[in-house]
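> Got a sequence here, can you model it:
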Amino acid sequence: MIKRLASGKYQVRSRKLDGKQKVFGVFDTRQEAENQQRAVELLEIQRMISREGILSSVERIIRCKSNRESSES
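Model (predicted):
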């Protein structure tokens, strides 16, 4: 979330599931704030994926499919 401050600067915030907010910086332009927000969102997605083990599940599926294909040949 990007909030415009009274000073005219922009603040990037992120809200956690428990309702708490974390500030990720104050920027002079909205463009700089949007770039930081995208970086924060990407980091949150990467953390979520690694926590849930989605990548390891996908790797197992790929290995299983390749094993089936090689045994069918």
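> contacting residues for D28?
Going by Cβ atoms under 8 Å, 6 or more residues apart in numbering, D28 touches K9, Y10. Placement of C-beta: from N, CA and C, glycine included.
> Which residues does whatever helix or strand E34 lives in contact?
In this structure, E34 is located in helix 30-52 according to DSSP states H and E. Residues from elsewhere that reach helix 30-52, judged by Cβ under 8 Å, 6+ apart: M1, I2, Y10, Q11, V12, S14, F24, G25, F27, L55.
> ok, Q36 - how many residues close by?
Q36 has 18 neighbours, counted by other Cβ atoms under 10 Å.
> quick one: what helix or strand has the spatially closest residue to it that is not a sequence neighbour in it?
For Q36, the nearest residue in space outside its immediate sequence neighbours is V12; the separation is 4.8 Å by Cβ to Cβ, 6 or more residues apart in numbering. Secondary structure from DSSP H and E places V12 in strand 10-15.
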